[in-house]
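A.B. asks: here is a sequence together with a model predicted from it:
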Amino acid sequence: MSRPRKCRRVCCLPDSSQYGPLDSNLNNENIINMTLDEYETVRLIDIEGFSQEECAIRMNVARTTVQWVYNDARKKLADSLVNCKILKIEGGEYMLCNGEENFCNKGYCKKRCEQGVEN
């Protein structure tokens, strides 16, 4: 029996939840779904430059979980880019950070709270 999934901490939501080619048809074959925790691993590792270990601390999960989630996210990004598919970011098992954690030093979490995003 596997362990229950742990809620993953996400510091900010994407400004847009859908990306892709402008001339693509909206059907189930052309849509790839990425969860918010997958989005967060890409943001933290590729944009913020954190290691997988640092990302794991911020997301409140094990490093091996981050590695698994990050690999899935990268495959989805590649499939979207190479095969001209729409990428939708939604869902997943996550909790939105409240901006009061010690590592929230760049203000992302607080910025989202000030903009009225519920935690």
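C.D. replies: All right, it came through fine.
A.B. asks: can you give me the helices in this protein?
C.D. replies: Secondary structure of the chain (DSSP state H): helices at 36-42, 52-59, 63-82, 108-114.
A.B. asks: just give the nearest non-adjacent residue to the most centrally placed residue in the chain, would you?
C.D. replies: Among the residues of the chain, the one closest to the centroid is Y39, at 2.0 Å (C-alpha atoms, centre = their mean). Using C-beta to C-beta, 6 or more residues apart in numbering and skipping residues adjacent in sequence, the residue nearest Y39 is I89, 4.9 Å away. All C-beta spots, glycine's among them, are computed from the backbone N, C-alpha and C.
A.B. asks: number of nearby residues for that neighbour?
C.D. replies: Residues lying near I89 (other C-beta atoms under 10 Å) number 22.
A.B. asks: how much space between S51 and I57?
C.D. replies: Separation of S51 from I57 (C-beta to C-beta, to the nearest Å) stands at 10 Å.
A.B. asks: out of those two, which sits in the more crowded spot?
C.D. replies: I57 (16 against 12).
A.B. asks: which pLDDT does the model give the more buried one?
C.D. replies: I57 carries a pLDDT value of 93.
A.B. asks: for C113, same thing?
C.D. replies: Taking C113 on its own, its pLDDT is 41.
A.B. asks: tell me which helix or strand of this protein sits lowest on mean pLDDT?
C.D. replies: Every helix and strand in the chain was compared by mean pLDDT, DSSP states H and E; the lowest is helix 108-114, with a mean of 48.
A.B. asks: buried ones in stretch 37-50?
C.D. replies: D37, E38, Y39, E40, T41, V42, R43, L44, I45, F50 (16 or more other C-beta atoms under 10 Å).
A.B. asks: wait, the second one touches K75, no?
C.D. replies: No. With contact defined as C-beta atoms under 8 Å, E38 and K75 do not form a contacting pair (9.8 Å).
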